[in-house]
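A.B. asks: Turn this into a structure:
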Amino acid sequence: MRKVTSCTLGIVGLLLVGVLLAQDAGPQQTKEYCLVVGHETITGKVKVSVDFGTQSRYANRLLKGADGKPIKFESMVVALNYMNADGWEFVSAYPVSMVTGGSVYHYLMQRRAE
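C.D. replies: Numbers count the residues shown, from 1 in each chain. Alright, predicted model coming up:
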């Protein structure tokens, strides 16, 4: 009787440890975000960079095509349509006025985490 009780307690203990370890995995990310930043160039085109939150602050974050060259967009709307075709959805936007004139446009986007 004592062996059965000890064995039962051991099994229950292992099950509890398993449940606690499974719960300790932490929250799962369901969405990922990026910040699309647009600067208007002298030629009137838009230079677009994207912050995915994983790169170095000083890394080149320009969107690049299949040929490895930076993609040049005619407007921020074209850039947003490009991002949407890649599965990103618009969340919010805000401009930042520069002291030297002009604005830098920031667009927060999200998609389902893979």
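A.B. asks: rest of the way, CA atoms for contacts and neighbours
C.D. replies: OK.
A.B. asks: Ranking helices and strands of the chain by mean pLDDT, which lands last?
C.D. replies: Of all the helices and strands that make up the chain, helix 2-23 has the lowest average by mean pLDDT, DSSP states H and E, namely a mean of 52.
A.B. asks: From the rest of the structure, what touches stretch 96-109?
C.D. replies: By C-alpha atoms under 8 Å, 6 or more residues apart in numbering, the surrounding residues in contact with stretch 96-109 are 33-40, 88-95.
A.B. asks: State the mean pLDDT of that stretch.
C.D. replies: Model confidence over stretch 96-109, given as mean pLDDT, is 86.
A.B. asks: that older thread, in strands, which of the contacts of stretch 96-109 fall?
C.D. replies: Among the contacts of stretch 96-109, the ones falling in strands (DSSP state E) are 33-40, 89-95.
A.B. asks: picking up where we left off before, so for the contacts of stretch 96-109, which is the shakiest by pLDDT?
C.D. replies: For the contacts of stretch 96-109, the least confident position by pLDDT is residue 40, scoring 77.
A.B. asks: beta partners for it?
C.D. replies: Using DSSP bridges, the beta-bridge partners of residue 40 come out as residue 46.
A.B. asks: what's the burial count for it?
C.D. replies: The number of residues packed near residue 40 is 18, by other C-alpha atoms under 10 Å.
A.B. asks: same deal with the one 10 residues further on?
C.D. replies: Neighbour count for residue 50, taken as other C-alpha under 10 Å: 19.
A.B. asks: and the one helix or strand it maps to, what other elements does it pack with?
C.D. replies: Element membership for residue 50 (DSSP states H and E) is strand 46-51. In this structure, strand 46-51 packs against strand 31-40, helix 76-85, with contacts taken as 3 or more C-alpha pairs under 8 Å, 6 or more residues apart in numbering; DSSP states H and E.
A.B. asks: If anything else comes up later, I'll come back, but that's it for now.
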